[in-house]
Each structure stands twice: as structure tokens, then as C-alpha cells.
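**Student:** how does the following fold in three dimensions:
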Amino acid sequence: MERPKIVGIGELLWDMLPRGRRMGGAPVNFAFYAREEGADAHVISAVGEDEPGRELLDGIARLGIGTSAVEHNARPTSTVDVELDAAGVPTYRIREEVAWDYIVRTAETDAVVADAAMICWGSLAQRNAVSRASIGEIIAAAPEGCLRLFDINLRLDYYDETVIRQSLEAADILKLNEDELPVVARYFSLGNDPEQAIRQLLKRFALRYVIFTEGSRGSRITAADGETSYMETPRVKVADTVGAGDAFTAAFAVSLLKGLPLAACHRRAVEVAAFVCTQHGAITPLPEEGILQTIR
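**Tutor:** Modelled structure (predicted):
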């Protein structure tokens, strides 16, 4: 079976974690786990014309992720200071005016999305008008039949109603968590009941799926035809939760492209995310012997 092509669009950066510097950014986390799940994975972003940028691209390429659509520009390569609380949940200090704030659409970006089966983006990389416009153009350039996944990823105050609405109008699939749903519900007057808000989002924006995660409690995936899947979050020894949401998204995306039933797609996503929570940092190869044996 041919590997589906999946593209992550947005921020590339170094996560400055308590244990040291790690490659990061939602697009590379997503692309890495998509590749682990069997996809042909690529990223679209920008890094600086500096040593951290070269090291970041070299590291991403060594993971087997395509970087032909990552540009170099005059802005510095991004770093993000990450602090972890006692439960391993991160908070971020994100520097501004960095390379990924100035992503531009190029012949290389068009070539990467030309035969993509799925593209994924979030809100953070749209905080700057330059990248916001470029990301919109890149999404529009994807072929008919390419699934468009908006993993909302609200960070600090780097979003507004316009960014979210425009992305929802372009998306086929929305992923958001228990902190993000109330923000979206407030913007679009969806009420306080999560299930009702999700149903309204599906209808209003003609979405195929809404993925709703509630951290340690569980997650629910609702399809436009009314099919739903709910799973509790496995109880694991958490190292940190950095990258777990991106891993969930990637595992669901690849499983969906493989044609698996909704419940099976959901189960795989939950298992992969649970494994990532047992590891330090966002990027860790998945075990060959089976995830369930590892996280129990």
C-alpha cells in the first residue's frame, strides 16, 4: 500500500526544556508521528539563516521528514522556553519576530501540497499577517480530495476570532481541547454544553469530524453523520505531556487515511498519545513491540 502523504504547516522551533534543547513545533511533532505511523511526512515552515536553523533542519531530515518546503530567512530561528508543572503539563514563553512568523508561499510549498492526502495547521503560526496570508494560500492550493485538519492549538493571546473562523471555513477536521472549546463557543455563540457546541460546529462549518480532548479524563470524536467514539484516557506514569496532542492528531490522521473505522482510528490515537506522555519531550520513536505493553 502506498504511503499517504501528510504535511504539517506552521512553526518550527527549539523547545528549551528543563532537560535540555529539543526539536519542536506542532508541525514537526505531527509529521514525526505521522511518519512513525507509516505516512510520507513533510513540513512547511521557515528557519533562520543561522546555526540553530541549520541544526534544526538537519535534525528534522534525520527523522525522515521532508524539509524541501522549509525556507531560510533573515529572522532568527525560534526558541520556546518550556516550564513543566508537577503533573508534567507545559507552559510556554514564545519569542516573537522569528523565522516562522514570515513563512511565504513558494514553488516548493506548492509542490509539497500538490499530491498531499492531508494537511494540518494551527493558529499559532498565524499570529503574524505574513504567515497568516501564506498559510491561507497554501491551504487553498491543496488538491481536491486532500483532507484539511485544523488542530487549533491556542497559545497565549496569539489568536482572534478572524483567525479561527477563517481556518474553520477551510477545514474538514477540527481538533481542540477542553480549554479551547469554550473560546470557540464564545466567539460563535455556541452555548456552554460541549456536545451541543460540537454539533453546531460540525453543521455551521461543514466539518467531517470534530476531535475533542479532555486531558486525563478522555476524548470524543464526533462525525458529521452522527457517529461518535468516546474513550477514557489510559492511566500512565506521566513524564510530560509535550507533543502528546500532536501525536494523537497524527495517529488519528494516518489511521483515517488507511480507511480504518472511527473507533479504531480513535483507539490508535489514544494509545500513541498515552505513550508519548510517558516520555520526556515531544519526539520519541514508537516502540516496535506494541504500545499497550509499554504504557501498562
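**Student:** only C-alpha atoms for contact and neighbour calcs from this point on.
**Tutor:** Will do.
**Student:** so residue 72 sits in a strand?
**Tutor:** Yes: assessed by DSSP: H, G, I helix; E, B strand; the rest coil, residue 72 belongs to a strand.
**Student:** list the residues that contact it.
**Tutor:** 46-49, 53, 99 (CA atoms under 8 Å, 6 or more residues apart in numbering).
**Student:** is it bridged to anything, and to what?
**Tutor:** residue 47 (DSSP bridges).
**Student:** looking at the contacts of residue 72, which is nearest residue 148?
**Tutor:** The nearest member of the contacts of residue 72 to residue 148, counting by CA to CA, is residue 46 at 20.7 Å.
**Student:** could you pull out the strands in the stretch 151-296 of the chain for me?
**Tutor:** 173-177, 209-213, 218-223, 228-232 (DSSP state E, counting those that start in this stretch).
**Student:** winner for burial among those strands?
**Tutor:** strand 209-213 (a mean of 24; mean count of other CA atoms under 10 Å).
**Student:** what angle sits between that strand and strand 173-177?
**Tutor:** Angle, strand 209-213 to strand 173-177, by axes from the mean of the first three to the mean of the last three CA atoms, to 10 degrees: 10 degrees.
**Student:** pLDDT weak spots in the stretch 1-150 of the chain?
**Tutor:** For the stretch 1-150 of the chain, applying pLDDT under 70 flags the ranges 1.
**Student:** all helices of it, in order?
**Tutor:** Taking DSSP state H, counting those that start in this stretch as the test, the helices found in the stretch 1-150 of the chain are 26-36, 51-62, 107-113, 129-141.
**Student:** just to revisit the earlier point, can you check the contacts of residue 72 and name whichever has the most neighbours?
**Tutor:** Most neighbours among the contacts of residue 72, by other CA atoms under 10 Å: residue 46, with 32 neighbours.
**Student:** now do the contacts for that residue.
**Tutor:** 11-12, 70-73, 99-100, 102-103.
**Student:** please identify which of the residues you listed is nearest to residue 230.
**Tutor:** residue 11 (30.2 Å).
**Student:** how about that closest one, phi and psi?
**Tutor:** Main-chain torsions, residue 11, degrees, to the nearest 10: phi -80, psi 130.
**Student:** skipping adjacent residues, who's closest to residue 146 in space?
**Tutor:** Nearest residue to residue 146 in three dimensions, chain neighbours excluded: residue 117, at 4.7 Å (CA to CA, 6 or more residues apart in numbering).
**Student:** I'd assumed residue 8 was in contact with that neighbour.
**Tutor:** No: under the criterion of CA atoms under 8 Å, residue 117 makes no contact with residue 8, lying 11.6 Å away.
**Student:** the more surrounded of these two?
**Tutor:** residue 8 (27 against 23).
**Student:** contacts only, for the closest residue in space to the more buried one that isn't next to it in sequence.
**Tutor:** Distance criterion CA to CA, 6+ apart; nearest residue to residue 8, sequence neighbours excluded, is residue 27 at 4.3 Å. Applying CA under 8 Å, 6+ apart, one finds that residue 27 lies in contact with 7-12, 43-44, 120-121.
**Student:** how near is residue 27 to residue 200?
**Tutor:** Going from residue 27 to residue 200 by CA to CA, to the nearest Å gives 28 Å.
**Student:** ok, now residue 272?
**Tutor:** Taken as CA to CA, the span from residue 272 to residue 200 is 29 Å.
**Student:** out of those two, which sits in the busier spot?
**Tutor:** residue 272 (26 against 18).
**Student:** so who does the more buried one touch?
**Tutor:** The neighbours of residue 272, taking CA under 8 Å, 6+ apart as the test, are 244, 247-248, 251, 286, 291.
**Student:** from those residues, which ones fall inside helices?
**Tutor:** The helices, defined by DSSP state H, take in 244, 247-248, 251, 291 from the contacts of residue 272.
**Student:** that older thread, tell me the one of the contacts of residue 72 nearest residue 19?
**Tutor:** Nearest to residue 19 among the contacts of residue 72, with distances taken as CA to CA, is residue 53, at 20.3 Å.
**Student:** residue ranges with poor pLDDT in the stretch 151-296 of the chain?
**Tutor:** 289-296.
**Student:** can you map out the helices along it?
**Tutor:** Under DSSP H, counting those that start in this stretch, the stretch 151-296 of the chain gives helices at 161-170, 180-187, 194-204, 244-257, 262-277, 291-295.
**Student:** so for the third one, what gets flagged as buried?
**Tutor:** Which is helix 194-204. 197-202 (16 or more other CA atoms under 10 Å).
**Student:** elements contacting it?
**Tutor:** Helix 194-204 sits against strand 209-213, with contacts defined as 3 or more CA pairs under 8 Å, 6 or more residues apart in numbering; DSSP states H and E.
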